[in-house]
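Chemist: Quick one, fold the following:
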Amino acid sequence: MVKYNDRGNLAHKLDMPYDEPVQEHADKEDEEVRSRTGRKTKVRTQPAMSIKSRVAWGILLSIAISLMGSLIYGKVEISRLYNEKSGLEKQLTRLQNENVSMQSEIAERMNMTKVEEYARNDLGLQKLDKSQIEYIEVDSPSVAEVKSDSEEGVFVRIKHWLNSFGEYIGL
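Modeler: This is a model prediction of the structure:
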């Protein structure tokens, strides 16, 4: 005995009543109604979405697309800034290494033995001997005298008094 729900390998094809597609079933029912009444029935079809709902969905879709675009743009900018940061860090380490090498080169050049050698060989300088030193005697002492102006004007004295008063109060 063969069952309807048996999907085994059979030599003949079984027609199942419940395997009929839904649209075909609806078409058959429409034909039966037409044949009974003798006239064509007008089936009202309503649009799937009203204009307001289409506009609302369009606005929502454009907002969603713009949000996703801004998120992607933000990620791209973050990636670009990280790449720029890593490039600047590499440049900074290179410049720091170059600075260290230049500092050591300057320290090497400023060594006293190098300075003396440069002065002797390139400039032709020599250290002084005791025979090359000459002493000079000065007859009058070197003294600087400050000449004060005893005849100060009234405005100059007021200025000095205001300056000293300002220093006294801490201005």
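
Chemist: pull the longest helix from the protein.
Modeler: helix 51-109 (DSSP state H).

Chemist: So what angle separates the directions of the helix or strand just after that one and helix 51-109?
Modeler: Downstream of helix 51-109, the first helix or strand assigned by DSSP states H and E is helix 112-121. Computed by axes from the mean of the first three to the mean of the last three C-alpha atoms, to 10 degrees, the angle separating helix 112-121 from helix 51-109 equals 60 degrees.

Chemist: burial count for Met49?
Modeler: 11 (other C-beta atoms under 10 Å). (Each C-beta comes from the backbone N, C-alpha and C, glycine too.)

Chemist: Next, work out how far apart the residue nearest to it when sequence neighbours are not counted and Asn99 are.
Modeler: Distance criterion C-beta to C-beta, 6 or more residues apart in numbering; nearest residue to Met49, sequence neighbours excluded, is Trp57 at 7.2 Å. From Trp57 across to Asn99, the span is 62 Å (C-beta to C-beta, to the nearest Å).

Chemist: Over to Phe165?
Modeler: To Asn99, Phe165 is 52 Å away according to C-beta to C-beta.

Chemist: Next one: Met49 from Val55, what distance?
Modeler: 10 Å.

Chemist: What of Ser79?
Modeler: Ser79 is 36 Å from Val55, by C-beta to C-beta.

Chemist: Same question for Leu81.
Modeler: To Val55, Leu81 is 39 Å away according to C-beta to C-beta.

Chemist: I figured Ala119 hits Lys127, correct?
Modeler: No. Counting by C-beta atoms under 8 Å, Ala119 stays clear of Lys127, with 9.3 Å between them.
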